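Participant: sequence and predicted structure below; questions after.
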Amino acid sequence: MSPADGSDKALWDATRVVPQTQAIVLAGGRVLLIFQGAVRPLPRSGLLIRGAEEAPWTAECWSVAGAEGETWCGLALLPSLPLAELCVWDAADGCEWRLAPPARIDVAPQPLVDLVRGAGVDSRAVFGFLARHLLAGSSGRAAEAQAHRSFARGFLTLAAERDGFIEILATPDGGGLFAQGWSLSLGAGATTVASVTDDLAMREVEVALFERPDILPPGRGFCFFAIGWRDEDAGAVDAVFFECRGRLLRLDVLPGAVRQLERDATIPHVVAMLPRLEAPTPTLRAFKRVCRPRFHGEDTLTGTALPVAAAFDALLQAPDGALLATGWLLDPLHRVERVLVKSTGNLYAHLDVTWCEMPRPDLNRAFATDPRFTGGLDPHETMHGFIAHAPARLDQTRGAETYLELVLDDETCLFQPLNVTPFTAERLPQLLSAISATGPELERIVEDQLSPFLASVRPRARAPRRGMPRPMPLGVREAEPREVAAIMPFERFASLQPVLGLLAGTPDAERMDLTLVAPRSAAEGLERLDEALRFYGLRGSLIIASEQETLAGRLDLGVAATSGERLLCWHPQALPRGPGWLATLIAEADALPVPGLISPALVYEDGSICFGGAEASTSAGGCAHAGYGEVWLGRGAPRPVASAAAAVALVPRELLARAGGFAGQLFGDAYAHVDLAERLRATGGASHCSGAVSFWMLDDPAEAGSAMNKLMSRIDAALLARRGRHFPGVPA
Amino acid sequence: MTKALILSHAHPTFSIGGAQVASYNLFQGLKAQDGWDAHYLAGVGPPVARHRATPLMSLGQGPDETLFWSDDYDWFHLGSNDLDGLMRHFERFLADLKPDVVNFHHVMGFGIQALRATRRALGDVPIIYTLHEYLPICANHGQMIKARSGALCSKGSASECGVCFPEIGPANLMRRELFIKSFLAEVDAFVSPSRFLLGRFADWGLPPEKLVMIENGLEGGQPAPARPLRKGGRRNRFAFFGQLNPFKGIGTLVDAVNRVPASVWDDAILYVFGGNLEHQPEEFQRQVKDAFRVAGRRIRFMGSYKSADLPALMREVDWVVVPSTWWENAPVVIQEAFFHGRPIIASGIGGMAEKVRDGIDGLHFHVGNAESLAEQMTRAMREPALWEALRGRIRPPTTAGDAGRQHAALFQRLLERRSAATAAPKLAVLR
């Protein structure tokens, strides 16, 4: 930059002076500066200097051939009207430009039109400048943005050359705008036009041409279809602008002369035109789509004579509106090109591009004698089933007719009305029962279809306090609750025997009330529990839970039925390795820097590590040293972990309540502890692995769970992964 | 008078077996000690009928003998499913009997929880557990034999046992071990008549300081004289005493008999005194019967016997064969054979190898190896001086009285230790 006294005048370059400028003041105060007569192009970006003020300089230049040789003109967008000479610092070249103050100030686009017509600047380039810098940047007030569009529309109207006329306008049933007329320059295919109604809008259109004997060459008839034209009045269209070889051209709508087709007449008209249209195939297909039949509430699929059959087993809707469709499609001749779920509420879900196919060999047998499929069904081809998630909004189906639309290869359609069923977690077992837990497609089904659908589905509501099962006292009777409420869900009485045997007579038993939670199916033999707890000198209670209750849900029942200030979630697979563990664990918990869950380390029966605690940021497995010898187990102070062990953990009651209880936002039990750890973290808690207490972990792989539970676990893992967090042991 | 309660899973009057006999002999031996009284409590079950009001019964036995009826036993965990019965009747009986010391010989029927029930009822009285086999360690009938291959097992652990019982799984086997050990923790001393067996339990994790070796006592009656030989006669009468089950090695023995050349065998005889073949797996029954058929006149099947019959039976026997294919502990049949001065041909493993000294008072052969056994039997028949030499070095087995004295001494030590332990806090208070 030059000092104010001009002491570095030697740097001045006379060629960097712009003698002519005009200004157009825009709505909101910004200014469009037109500059002409420069002997070299001005910088596209730089620094505009006015006294002590600096502002970004944005401009575009175009060369102009004149009698005195090539000069440069251009446009710049300024923050305000310059009243004196302008300085522009070109950082790239390290020099300064000086622009004369505007000789003319206007508010209409006419100077731009003069620039195009007088200097021969490409009108497309000028409009492009407006589109890039003025329209695209109109992020401010709506009124200002509209004023800018109005300004651009004014320029288009003045600058564009008439190229033809629009003679017919129509809005088909399915939306969009159909226009027909003639043009000298419009080409076939996909293109962008600017339409002018009350406002300026850019539209993607498909253009087809046809011969017009009444129009002299190069004039030709055209039809175009703009799918994105919605909710706007076709009658308000004044003109359509397009660009051809650098020129802006205009197709005018002559008021009173244009023919507005009735909605019912549109499709017959397009159908009649189709044989005459010339365009690339995708464009012609777009016109064919315009002609597709529409859904009128009737089932045309069931009775079709075509070799196509389909049915939905269910169309489920999640609370957030997402849809999950399960069903099948029998289409041995591949006549179906699109499988759509649509609604009169503007739902458009294209299923077959994202669905997962599933085997349905039963359909081959069921349709073997159907004349539509005689000889056409390949017995080796059984992937007729599908499951598909489709994003949707509730308002797109609420109060609307929802239907299946099969688009065939000849652009005809088959329809079938569909019922949308609201989905709650209670329906999950039924949904999953139709899915093979072992097929190779399972992973995709879980990750692509089920987990996005279930993301907004809440697990089953927890049992309300009213009507909760009453705990039955067991063993030694005392009035005052003990410090620790140990809650142990179990399935078989036999699994408790080692627990009771190892607790009996220990100081650990003295500090706890043992609350056992079992499903009714485990009730056989439970009458012996009371005598067993009496025999072993233990104190506790029994809660019978419903069969469907998850393990976490059972733990919550236990929490609700007890009042100990500390909660010990304890599964009978975990057995203490010696007495005195509870006091140690409590002491460790009390010394934690951040209160939370603390689990003993867990060791398998062969002495290998099951859970030794992994630092939150390490390990792809459930534990950094899982399977290693016990010598790898860290000793000393408790270690922070991503999540405590599911099998046994101690937590303050108050903290658990803050985190929302054991049951969280997952459907199964496999990752309930991970979910809990996440919720604890969100409420300021943490998870730890004890450095001084270890338990045996005696889980039996043979009892790893049903196929349904495994599937549920995969879904939960996918849901956790969707939350964007990686936890050890949870597949990313 | 110090009172001991001896518990056995069965009464020898109703069920013959080594542990029953050993425990009953101890009961008798203790009563014979000055300053000692004893009571015998034995398990009993179906087909004996239970009385409606109580599982405790006498079944016509002596005034210091009681039976405890049970029918709800968990064989896998060695546990009782009837804790209520233990609390209401077993504990009541203990509380009324007030023994100073309790000695378990097996917990079958009672359930291993009877150890804790004893604590509940009697507080800190010394509890002694006499180990007769490896049931706490091994779920395969306490034999420590691989369930699938039949091979000998030398160490019990959840992982290794899981290979024997994959359908149960190592976790459940570990659960079993922890469950059993939680009760064995109540025991003050473990007694066994075999160092070998104690070694196995030490390996399994029982505290070595609690392990005590005391031989079983035997009341053998009158020793049987040696079988008279005619001139030129040979010591070629062999006998097998015991259960006809796969672990006792009867198959190996019959096979060996069939392998001995006829020229050697000549008029030799193998007497088989044993029963319960009909209770064995059908395949095993078929194998034994086929082998017996092949052996023909070489073998005489004599059926089951009672202890009281032994002196008479031994009169016809020169050698006793103990071909067990499991480790054994301290087989009573070895004591009985030695009591009657009969050298033994035994499998060279475990409790048999410990009790029978190869080349001193008996001969060893390779366990389960019929050819090896046949060689030793051939040697026994061909070497005329061998029988006398071995017989001459036999040491008389421990008598019931001896065993009683040794047990009484152990019990006394435990009682004194308990007294010292209970006295200690008082001294502390006095200070």
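Facilitator: That came in fine, so what should we check first? Residues are numbered from 1 along each chain as shown, chains lettered A, B, ... in the order given.

Participant: for chain A, what's its nearest residue on chain B.
Facilitator: Using C-beta to the nearest C-beta, B:Met174 is the residue of chain B that sits closest to chain A, at 3.4 Å. Just so you know, the C-beta spots here come from the backbone N, C-alpha and C atoms, and that holds for glycine as well.

Participant: what parts of chain B come near chain A?
Facilitator: Counting by C-beta under 8 Å from any C-beta of the partner chain, chain B comes close to chain A at B:74, B:77, B:79, B:81, B:83-84, B:86-87, B:113, B:116-117, B:119-120, B:157-159, B:162, B:167, B:169-176, B:178-179, B:182-183.

Participant: so the residue of chain B closest to chain A belongs to a strand, correct?
Facilitator: No: under DSSP: H, G, I helix; E, B strand; the rest coil, B:Met174 sits outside any strand and is assigned helix.

Participant: dump the residue contacts of it.
Facilitator: Applying C-beta atoms under 8 Å, 6 or more residues apart in numbering or on different chains, one finds that B:Met174 lies in contact with A:Glu605, A:Trp696, A:Leu698, B:Ala158.

Participant: host element of the second one?
Facilitator: With elements taken from DSSP states H and E, the one containing A:Trp696 is strand A:686-697.

Participant: for the first one, same thing?
Facilitator: Here A:Glu605 sits in a region with no helix or strand, counting by DSSP H and E.

Participant: as JSON lines, the contacts of B:Met174 with neighbour count, pLDDT and distance to B:Gly60 would be great.
Facilitator: JSON lines is the format used below for the contacts of B:Met174 (neighbours: other C-beta atoms under 10 Å in any protein chain shown; pLDDT from 0 to 100; distance: C-beta to C-beta, whole Å):
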{"residue": "A:Glu605", "neighbour count": "25", "pLDDT": "87", "distance to B:Gly60": "47"}
{"residue": "A:Trp696", "neighbour count": "24", "pLDDT": "94", "distance to B:Gly60": "47"}
{"residue": "A:Leu698", "neighbour count": "28", "pLDDT": "90", "distance to B:Gly60": "46"}
{"residue": "B:Ala158", "neighbour count": "22", "pLDDT": "93", "distance to B:Gly60": "45"}
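
Participant: just the buried ones among the residues of chain B next to chain A, please.
Facilitator: For the residues of chain B next to chain A, a burial check counting by 16 or more other C-beta atoms under 10 Å in any protein chain shown picks out B:74, B:77, B:79, B:81, B:83-84, B:86-87, B:113, B:116-117, B:119-120, B:157-158, B:162, B:169-176, B:178-179, B:182-183.

Participant: thinking again about what came up before, can you tell me which of the residues of chain B next to chain A are in helices?
Facilitator: Within those, residues falling in helices by DSSP state H are B:83-84, B:116-117, B:119-120, B:158-159, B:162, B:170-176, B:178-179, B:182-183.

Participant: sorry, back to before: quick one: which two of the contacts of B:Met174 are the most distant?
Facilitator: Of all pairs drawn from the contacts of B:Met174, the one with the longest distance (C-beta to C-beta) is A:Trp696 and B:Ala158, at 9.3 Å.

Participant: overlap of the contact sets of those two?
Facilitator: Here A:Trp696 and B:Ala158 share the contacting residues A:Glu605, B:Met174, scored by C-beta under 8 Å, 6+ apart.

Participant: make sure A:Asn364 is indeed in a strand.
Facilitator: No: read with three-state DSSP, A:Asn364 is helix and lies in no strand.

Participant: hmm, A:Leu377 and it touching each other?
Facilitator: Yes: using C-beta atoms under 8 Å, A:Asn364 is in contact with A:Leu377, at 5.1 Å.

Participant: run through the stretch 101-250 of chain A and note the low-pLDDT ranges.
Facilitator: Low-confidence segments of the stretch 101-250 of chain A (pLDDT under 70): A:137-140, A:196-200, A:230-232, A:234.

Participant: what are the ranges of the strands in it?
Facilitator: A:104-106, A:161-170, A:177-183, A:189-196, A:200-210, A:220-226, A:239-244, A:247-253 (DSSP state E, counting those that start in this stretch).

Participant: turn these into JSON lines, including mean neighbour count and distance to chain B.
Facilitator: Shown next, in JSON lines, are these (neighbours: other C-beta atoms under 10 Å in any protein chain shown; distance: least, C-beta to the nearest C-beta, whole Å):
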{"stretch": "strand A:104-106", "mean neighbour count": "14", "distance to chain B": "88"}
{"stretch": "strand A:161-170", "mean neighbour count": "18", "distance to chain B": "74"}
{"stretch": "strand A:177-183", "mean neighbour count": "23", "distance to chain B": "71"}
{"stretch": "strand A:189-196", "mean neighbour count": "19", "distance to chain B": "66"}
{"stretch": "strand A:200-210", "mean neighbour count": "20", "distance to chain B": "64"}
{"stretch": "strand A:220-226", "mean neighbour count": "24", "distance to chain B": "68"}
{"stretch": "strand A:239-244", "mean neighbour count": "22", "distance to chain B": "76"}
{"stretch": "strand A:247-253", "mean neighbour count": "22", "distance to chain B": "80"}
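
Participant: these into CSV, with extra columns for distance to A:Tyr628?
Facilitator: Output for these, formatted as CSV (distance: least, C-beta to C-beta, whole Å):
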stretch, distance to A:Tyr628
strand A:104-106, 81
strand A:161-170, 74
strand A:177-183, 69
strand A:189-196, 62
strand A:200-210, 61
strand A:220-226, 66
strand A:239-244, 69
strand A:247-253, 74
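
Participant: relative to A:Glu654, which of those strands is closest?
Facilitator: strand A:200-210 (58.5 Å).

Participant: which other helices and strands contact that closest one?
Facilitator: In this structure, strand A:200-210 packs against helix A:142-159, strand A:189-196, strand A:220-226, helix A:281-290, with contacts taken as 3 or more C-beta pairs under 8 Å, 6 or more residues apart in numbering or on different chains; DSSP states H and E.

Participant: got the angle between that strand and strand A:189-196?
Facilitator: On the basis of axes from the mean of the first three to the mean of the last three C-alpha atoms, to 10 degrees, strand A:200-210 is oriented at 140 degrees to strand A:189-196.

Participant: ok, and what's touching strand A:200-210?
Facilitator: With C-beta under 8 Å, 6+ apart as the criterion, strand A:200-210 contacts A:131, A:135, A:149-150, A:152-153, A:156, A:177, A:186-195, A:220-229, A:273, A:276-279, A:282-284, A:286-287.

Participant: ok, stretch B:159-166 next?
Facilitator: The contact list for stretch B:159-166 (C-beta under 8 Å, 6+ apart) reads A:605-606, B:138-140, B:146-148, B:153, B:168-170, B:173.

Participant: could you list the low-pLDDT ranges of the stretch 301-450 of chain A?
Facilitator: Residues of the stretch 301-450 of chain A meeting the criterion pLDDT under 70: A:437.

Participant: recalculate using a threshold of 80.
Facilitator: In the predicted model, the stretch 301-450 of chain A carries pLDDT under 80 at residues A:411, A:434, A:436-440.

Participant: so what's the backbone phi/psi at the residue in chain A that chain B sits nearest to?
Facilitator: Closest residue of chain A to chain B, C-beta to the nearest C-beta: A:Glu605 (3.4 Å). When read as degrees, to the nearest 10, the backbone of A:Glu605 gives phi -70, psi -20.

Participant: show me the contacts for residue 177.
Facilitator: No chain was given, so I picked chain A. A:Leu177 makes contact with A:Leu169, A:Ala170, A:Thr171, A:Arg203, A:Phe225, A:Ala226, A:Trp229, A:Glu232, A:Ala234, A:Val237, according to C-beta under 8 Å, 6+ apart.

Participant: actually chain B
Facilitator: Contacts for B:Glu177 were tallied using C-beta under 8 Å, 6+ apart; they are B:Gly156, B:Ala158.

Participant: appreciated, that's everything.
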